[in-house]
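Asks: Quick check, what structure comes out for this input:
(2 chains)
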Amino acid sequence: MAEILCPICQRPNDAAAERCWYCQAELGQDESAAPPNNTDWLNELREDSVEPEASASENSTPETDQPEEVPDWLARIRNLEQQERVTNMQQQGQPPQSESSDIPDWLKDIKAGKTDEKKDEIAAPEPPGPPPFAEEPAAEQTPTPAAPSDSDDTQDWLNRLSAWQNPQDGDASQPTTAPAADSQMPVDQAHPADDTISDAEDEPTPADGTAEGVADLPQGWQKLDGDAQETNPSPAAPLRQAPAQGVSQEVVEDLSDTGQTENADTPAEQLRAAMSEAPTTAPEPRPFEETPFAPDDLPDWLASARPGSQPKGSSEPVSEEIDGQTLNGAIPSASLPPWLQALRPPTERVFTELGDNTFQVNPEKGLLAGIDGALQNPGLSGEFRKPVGYGSSLKVSEKQKANANLFAGLVDQILEDQQSPKSKSSANVQVFLRLLTALALIAVIFIGSGMLKDFTIAPVLYPPEVVSMIDAVNAIPEDQPVLLCADFEPAVAGELAWNSRILLEHLLRRNLNLVILSTTPAGSTILQDYLQDLIGRQSSDSLDARLINLGYLPGGSSGLQLLATNLHNALPLTHEFDNAWNSAMLEPVQSLQDFGAIIVFGDKAETSRTWIEQIRPNLAATPLLFVISAQAAPLLQPYYQSGQVNGYLAGLSGSMAYESLFGETSLATSHLASYQASLLFIALLILLGGLIQLARPRNTALKGKSSK
Amino acid sequence: MTAIQSDLVWTIVSFVLTLMVFSYLFGDNLVFRFVSALFVGVTSGYFLTILVFQVLLPRLVAPVIAGSMLSLVPLALCGLLLLKLSPRLAKFGNLPMAYLVGTGAAVAIGGAVLGTLFGQVKGALAVFSLIHSTGQGSPALVYIEAGFMLLGTVASLIYFQFGAKHRRSQTPKRGWLTVLFAWIGQFFIAITLGAVFAGVLTTAVTALIERSDFILSAFKLFFHLT
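Replies: Numbers count the residues shown, from 1 in each chain, chains lettered A, B, ... in the order given. Model (predicted):
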């Protein structure tokens, strides 16, 4: 598959890619699939670096004087490029340059790491110069054959390289052996995230053909190649070592220096001689044509790159001059692809412990020295820390926790009550107790009606409302009918039947005419049934002559208001749809005041109050009497005391008092024993329950504490 | 069927229904639910019959048939009120509803003011009248009793007064006098509620005694018959 070499890192990329996969540099359209001997990259670099040639020449001297650390990737690249160049030269049949004593050491180092497979790609002898910006050593770089038109450019480059290399001949020759011994540098430790480095390790060993070609190289080249074979099979290592020797920086400077043409011939000749004499034992299949060895085309940051001394890492067998920790701090951030860089967690110390001059361009040091606007390595070696973990747990305040616990306790309590086996047993116990209580109460009622009659306490004092009522009933004229109003629910019909029995008997005994109406649909029927039952027991007289049922009065309070204001329109017909007001009984009645008394049978205080509010103002002297349930008595008492109610019977006790006053015994008196016994039994139960509740701790408090 | 036989039948029916209601002692069960549904159904049917024959026919239909044009107004309002059943046409039923609510509120408010408020105030003041308290003891006792009743009345009313003065940087609180009367009033209210509860209990006991007596009578009737 055709590949495109990145101009920056010199790594192969897909032909259709627009950006380099590794360093995200733009892959120009002109960069087609790079054949092994393609040297277009060199020409492009020369075009781009026309401007910085002058500046590069200015910076060459100071850079030359300051050998700096070169990162591993740069060293590898240089090494690979050198190997490729050598390989190409051999393939083209160019005699290797005679090796002279002036062969710089960096050439020797490059020679040690070159491969044989790249011989064909080397078009012209070029000075070995590892590209400072290339992460991957030149092992992956396919060697591009040098075009014939590039020979002049190559020689220029070589000339400039030798001019750059001359001041450092002495320095470059010294650490030649040191890196050889320390060249066994595990690439993974230096660049664990860099795939290119691992790929560099997987490069095949140079072929034999290339080894033979390498053997023809000058001595310097041979030495370099031998070092490569001895120490590190990876071609990247020697190249990596070379910058540590203070050579690569000079090479870079020379690459960017377009003004150094004075000695162009000399280094070129030396290189040719070295390459022709030095045998290649382990040529690297790295083409040098792909590397930007043209100093004038290099960017400033590349031209000003200088290999510097790096402190040794504890586990990295690098040269002494290479600061592994610095490289570890600098290289990952610079060499990692963006996608990988994004995966790295942010570290606070990275941004908090930077020096003041971190982001200032320091032309004196750093790999990117001399490059405008480049961020310097802040020297974070050993300062990396584990990023602050924000955690995935839900942040809850104490108050929220308390509320949540309380809610959980309530829910658990409900669930326990529903699901726990204790709830079922407690429910059975409750049913048993309820049944036991009911049976006991019924037994007391039966026993009281039979055996406790002698122990009853008859009321001595009569309630004033009962006295007033009996007086009012006794005062009703016989020619005036009595209006009986039913305003109760059928549920209390049984109690009202017992409560009102004596009163109805009193009315019937006085032979008063009775008119019935109801504000509830069933009230009139029930009240008529009361009277019918009494009539049937008292005498054989029918009730039809003395009773008129006006039926149901709708409308609630509005109906009562209408009844009070317009009696005939409120109830025009009887219960049997007869004209009520044409009868002899009701003919003289025009309003409520014409009745002898109005007796309301009610079960609620509210309905009784409505009768008082609506009817009372329209009753002049007509008494308003009530027969109510015991539950409404306390709320009707104020109306009696205010004079709005003339009298009332409340419950069985009121009926018993009325019976006592009337001198007749009725249902109330006959069931007095049962009534009093049952009330006593209930009172004892309430008292016992209260005492037990006081003695036993509260279950709710315990459950609340347990839930907490 | 003679009257005695009909009474016997209805007595048996009442007896059975009473026992079915008593089955609630064992908890909610199907028998109780059945008898409850039966009572509700019978009551509803009876109510419907009463309403139709004693309200709608004589008060609404008959006047219209008789030719009263004024009766068309309530008939129309009843028709509009029935439109409340339709969600789309419910807005047309707002007129009769407004009339019903308005008249009901007016009657209730008028009755409450004239019947209860004025009457009770008059009654509270009338207690202090020695004329009305003739024969109830010495005047001092009358005044003490009246004062006690007035204090209970006022304190009970103040108990339900929750207005408080707003103060900056302080929680709203009632005045000390209001708090004092409220504290007194809660005792009167507690006694009143206790009396109401006693009345409710008495009503229930009376109903139980009545039903127990009925059951006993029914047993006697059945045994006499057998």
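Asks: Let me know the pLDDT of residue 22.
Replies: Defaulting to chain A. Residue A:22 is assigned a pLDDT of 86 by the prediction.
Asks: wrong one, chain B
Replies: pLDDT at residue B:22 comes out at 92.
Asks: Pull the host helix or strand of it out as PDB, backbone CA atoms only.
Replies: Residue B:22 is part of helix B:3-22, with elements assigned from DSSP states H and E. Below are the C-alpha coordinates for helix B:3-22, written out as PDB (Å, rounded to 0.1, in the frame of the first residue of the first chain):
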ATOM      1  CA  ALA B   3     -99.500  -8.300  57.300                       C
ATOM      2  CA  ILE B   4     -98.100 -10.800  59.800                       C
ATOM      3  CA  GLN B   5     -96.400 -12.800  57.100                       C
ATOM      4  CA  SER B   6     -95.000  -9.700  55.500                       C
ATOM      5  CA  ASP B   7     -93.700  -8.500  58.900                       C
ATOM      6  CA  LEU B   8     -92.100 -11.900  59.400                       C
ATOM      7  CA  VAL B   9     -90.500 -11.800  56.000                       C
ATOM      8  CA  TRP B  10     -89.100  -8.300  56.600                       C
ATOM      9  CA  THR B  11     -88.000  -9.300  60.100                       C
ATOM     10  CA  ILE B  12     -86.100 -12.200  58.700                       C
ATOM     11  CA  VAL B  13     -84.600 -10.000  56.100                       C
ATOM     12  CA  SER B  14     -83.600  -7.400  58.700                       C
ATOM     13  CA  PHE B  15     -82.200 -10.000  60.900                       C
ATOM     14  CA  VAL B  16     -80.000 -11.400  58.200                       C
ATOM     15  CA  LEU B  17     -78.800  -8.000  57.100                       C
ATOM     16  CA  THR B  18     -78.000  -7.100  60.700                       C
ATOM     17  CA  LEU B  19     -75.900 -10.200  61.100                       C
ATOM     18  CA  MET B  20     -74.200  -9.400  57.800                       C
ATOM     19  CA  VAL B  21     -73.300  -6.000  59.000                       C
ATOM     20  CA  PHE B  22     -72.000  -7.500  62.300                       C
END
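Asks: what's the burial count for the residue nearest to residue B:21 when sequence neighbours are not counted?
Replies: With sequence-adjacent residues excluded and distances taken as Cβ to Cβ, 6 or more residues apart in numbering or on different chains, residue B:21 is closest to residue B:35, at 5.7 Å. Where C-beta positions appear, they are placed from N, C-alpha and C, glycine not excepted. Residue B:35: 19 surrounding residues under other Cβ atoms under 10 Å in any protein chain shown.
Asks: Tell me which helix or strand comes right after the helix or strand encompassing residue A:416.
Replies: Using DSSP H and E, residue A:416 maps to helix A:398-419. With elements assigned by DSSP H and E, the helix or strand that comes after helix A:398-419 is helix A:421-450.
Asks: Kindly provide the distance from the residue nearest to residue B:21 to residue B:123.
Replies: Noted for residue B:35: a distance of 45 Å to residue B:123, by Cβ to Cβ, to the nearest Å.
Asks: next one: residue B:41
Replies: For residue B:41, the distance to residue B:123 - Cβ to Cβ - is 45 Å.
Asks: now residue B:102
Replies: From residue B:102 over to residue B:123 the distance is 30 Å, taken as Cβ to Cβ.
Asks: higher neighbour count, those two?
Replies: Neighbour tally, residue B:102 and residue B:123, criterion other Cβ under 10 Å: the higher count belongs to residue B:123, 19 against 10.
Asks: what's the neighbour count on the closest residue to that one other than its chain neighbours?
Replies: In space, and not counting its chain neighbours, residue B:123 is closest to residue A:642: 2.6 Å by Cβ to Cβ, 6+ apart. When counting by other Cβ under 10 Å, one arrives at 20 neighbours for residue A:642.
Asks: OK, contacts around the residue nearest to residue B:21?
Replies: Residue B:35 makes contacts with B:17, B:20, B:21, as judged by Cβ atoms under 8 Å, 6 or more residues apart in numbering or on different chains.
Asks: ok, of those residues, which come out buried?
Replies: Listed as buried from these are residue B:20; burial here means 16 or more other Cβ atoms under 10 Å in any protein chain shown.
Asks: and of the contacts of residue B:35, the nearest to chain A?
Replies: Lowest distance from chain A to the contacts of residue B:35 (Cβ to the nearest Cβ) belongs to residue B:21, with 10.9 Å.
Asks: so that closest one touches residue B:33, yeah?
Replies: No. Judged on Cβ atoms under 8 Å, residue B:21 makes no contact with residue B:33 at a distance of 11.0 Å.
Asks: Regarding chain B, what is its longest helix?
Replies: In chain B, assigned by DSSP state H, the helix with the most residues is helix B:176-225.
Asks: what's the spacing between residue B:151 and residue B:145?
Replies: On the measure of Cβ to Cβ, residue B:151 and residue B:145 end up 11 Å apart.
Asks: scratch that, residue A:523
Replies: Counting by Cβ to Cβ, the gap from residue A:523 to residue B:145 is 38 Å.
Asks: the more surrounded of these two?
Replies: Counted by other Cβ under 10 Å, residue A:523 and residue B:145 do not tie: residue A:523 has more neighbours, with 26 against 15.
Asks: got the contact list for that one?
Replies: Contacts of residue A:523 by Cβ under 8 Å, 6+ apart are A:486, A:487, A:488, A:552, A:601.
Asks: which of the residues you listed tops the neighbour count?
Replies: The member of the contacts of residue A:523 that has the most neighbours, counting by other Cβ under 10 Å, is residue A:601 with 30 neighbours.
Asks: and it, backbone torsions?
Replies: phi -100, psi 110 (degrees, to the nearest 10).
Asks: thought it was touching residue A:485?
Replies: Yes. Using Cβ under 8 Å, residue A:601 is in contact with residue A:485, at 6.7 Å.
Asks: residues near residue B:90, how many?
Replies: By the criterion of other Cβ under 10 Å, residue B:90 has 12 neighbours.
Asks: Please name the nearest non-neighbouring residue to it.
Replies: Using Cβ to Cβ, 6+ apart and skipping the chain neighbours, the partner closest in space to residue B:90 is residue B:84 (5.1 Å).
Asks: how close does the one you found sit to residue A:554?
Replies: Distance of residue B:84 to residue A:554, given as Cβ to Cβ: 18 Å.
Asks: circling back to that earlier point, for the residue nearest to residue B:90, give me its contacts.
Replies: Residues near residue B:84 by Cβ under 8 Å, 6+ apart: B:90, B:93, B:97.
Asks: Let me know the secondary structure of the most far-flung residue of chain B relative to its centre.
Replies: What lies farthest from the middle of chain B is residue B:169; by Cα atoms, centre = their mean that is 45.6 Å. When classified by DSSP: H, G, I helix; E, B strand; the rest coil, residue B:169 comes out as coil.
Asks: State the pLDDT value of it.
Replies: Value for residue B:169, per-residue pLDDT: 75.
Asks: For it, give its distance to chain A.
Replies: As judged by Cβ to the nearest Cβ, to the nearest Å, residue B:169 and chain A stand 23 Å apart.
Asks: if I pick that residue, what's in contact with it?
Replies: Contacts of residue B:169 by Cβ under 8 Å, 6+ apart: none found.
Asks: Phi, psi for it please.
Replies: Torsion angles, degrees, to the nearest 10, at residue B:169: phi 50, psi 20.
Asks: And residue B:128, by the same measure?
Replies: phi -70, psi -10.
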